[in-house]
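1. Sequence first, predicted model second:
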Amino acid sequence: MNKLKSLSKKFLVIVSVLFFLALSLPQRAYADSEWYDGLIVYSHIYNCLFNYPELGAGTYVGFLADPPAGQPEPYTTYYVHVVIYGLGNACSGMYAYIDIGLPAKTALAITPTDKVYCFFNGVRDDSSCPQSLPASSWNTGMYMVPSPDPTWGYIWPIPQGWNMEIQIPVRSTTPLSGSNFQAKVHMLDGNDSPWLNPKVGVYVFANPHTISGNAGAPGVTLRYTDGSFKTATSNGSGNYSFQVSYGWSGTVKPSKAGMIFTPASRTYANVTANKTGQNYTAKYIATYTSAAAQDG
């Protein structure tokens, strides 16, 4: 019974430490973005010194977002991450082979500017961080996150009391509502050596976009339909601006009494970015009244 109580206390301490470290991990600064993480998945081992069962490692995944600002949105780069903690003491040591599976309509976006970032015990280490993620040979459609050491198949050492975080830039081409980002982490621990599968639903926001330009004259009414019939009016300088839903398709037609416009209208298909410089040229229509005595 005393042994059971001791194990329970140790479990609570480990979970508390894991939670605290998760909150304090460094992250790439993007305005007010924060990490949205899935549940922690654990492996289980037998302690090397005393042969009692304990947690081996804990791992979770997440994505960086700022929902109030509608970020990320399609075609912008954002980050996902994989986090692993060494919790137990396995006789053979613990190692992790890491694969990642991206959400739907999402691809890696690694560039010299948007790099993969690696943190070990909270310290960033660029020298050990892979900048190319090859296709996995274990899990179809996933990418391997290789360590710099090929000796044992590019696996990562996970000592007890040690943690690692890998941040990876990605880009989605469509709004997402809970499409899974996941990892498959093979914990090689000399016990069960399980595959752990942490996951999180990723959200990419369908923000409205702006159509703007000069209508060619003040007080021009621009008519369009976006769910319902709508209008916008140009200001004293002829400038106008209005928002349409993400992916909007439709026609904008300018009008003002006594004027004609070139072009007479503009048609749009699948608006997924702001449209600027959408200008029109306006001309007055001249009207002449006949005077019979002067005609001819």
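-> It's in. On a predicted model such as this, the values are computed, not experimentally measured, just so you know.
2. what about the helices in this protein?
-> Taking DSSP state H as the criterion, the chain contains helices spanning 2-24.
3. bridging residues for the most centrally placed residue in the chain?
-> What sits nearest the mean C-alpha location of the chain, by CA atoms, centre = their mean, is Tyr78, with 4.2 Å. Bridge pairing for Tyr78 (DSSP bridges) gives the partners Val170.
4. what's it in contact with, if anything?
-> Applying CB atoms under 8 Å, 6 or more residues apart in numbering to Tyr78 gives the contacts Tyr30, Phe63, Leu64, Ala65, Gln71, Pro72, Pro169, Val170, Arg171, Ser172, Val204. Where you see a C-beta, it was placed from the backbone N, CA and C, and this is true even at glycine.
5. residue boundaries of the strands in the stretch 101-250 of the chain?
-> Under the criterion DSSP state E, counting those that start in this stretch, the stretch 101-250 of the chain contains strands at 106-108, 117-120, 123-124, 143-144, 156-157, 163-172, 176-188, 195-196, 199-204, 209-214, 221-225, 229-233, 239-244, 248-255.
6. The third one pairs with which strands?
-> What it means is strand 123-124. Strand 123-124 has its sheet partners listed here by DSSP bridges as strand 117-120 (antiparallel).
7. count of residues packed around the residue nearest to Val220 when sequence neighbours are not counted?
-> Nearest residue to Val220, sequence neighbours excluded (CB to CB, 6 or more residues apart in numbering): Ser234, at 4.3 Å. For Ser234, the count of nearby residues is 23 (other CB atoms under 10 Å).
8. Is Ser234 in contact with Ser212, as I believe?
-> No: in this structure, Ser234 is not within contact of Ser212 by CB atoms under 8 Å, at 10.4 Å.
9. joint contacts of those two?
-> Tyr240.
10. quick one: contacts for the residue nearest to Asn139 when sequence neighbours are not counted?
-> With sequence-adjacent residues excluded and distances taken as CB to CB, 6+ apart, Asn139 is closest to Asp99, at 4.8 Å. Residues near Asp99 by CB under 8 Å, 6+ apart: Ser136, Trp138, Asn139, Met142, Tyr143, Met144, Val145, Ala183, Lys184, Val185.
11. pLDDT score for the fourth one?
-> Translated: Met142. With respect to pLDDT, Met142 has a value of 98.
12. Tell me how far it lies from Ala269.
-> Met142 sits 34 Å away from Ala269, taking CB to CB, to the nearest Å as the criterion.
13. more crowded one of these two?
-> Met142 (19 against 8).
14. The more buried one contacts Ile98, correct?
-> No: Met142 is beyond contact range of Ile98, at 9.7 Å (criterion: CB under 8 Å).
15. Common neighbours of those two, please.
-> In contact with both Met142 and Ile98: Lys184, using CB under 8 Å, 6+ apart.
16. Just give me how far stretch 159-177 sits from the chain centre.
-> 9 Å (CA atoms, centre = their mean, to the nearest Å).
17. So that it lines up with my notes, have the first residue be 6 from now on.
-> Let's use 6 as the start, then, which means that last one is stretch 164-182.
18. Could you export it as CSV, CA atoms only?
-> Output of stretch 164-182 as CSV, limited to C-alpha atoms (Å, rounded to 0.1, in the frame of the first residue of the first chain):
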residue,chain,number,x,y,z
PRO,A,164,17.0,11.0,-21.1
GLN,A,165,15.1,11.1,-17.8
GLY,A,166,14.3,14.7,-16.8
TRP,A,167,15.1,16.0,-20.3
ASN,A,168,12.7,17.6,-22.8
MET,A,169,12.8,18.6,-26.5
GLU,A,170,10.5,20.7,-28.7
ILE,A,171,10.6,20.9,-32.5
GLN,A,172,8.8,23.7,-34.3
ILE,A,173,8.0,23.3,-38.0
PRO,A,174,6.7,25.9,-40.4
VAL,A,175,3.7,24.9,-42.6
ARG,A,176,1.2,26.6,-44.9
SER,A,177,-2.5,25.6,-45.6
THR,A,178,-4.3,26.5,-48.8
THR,A,179,-7.8,26.3,-47.4
PRO,A,180,-9.6,27.2,-44.2
LEU,A,181,-9.5,24.3,-41.7
SER,A,182,-11.9,23.4,-38.9
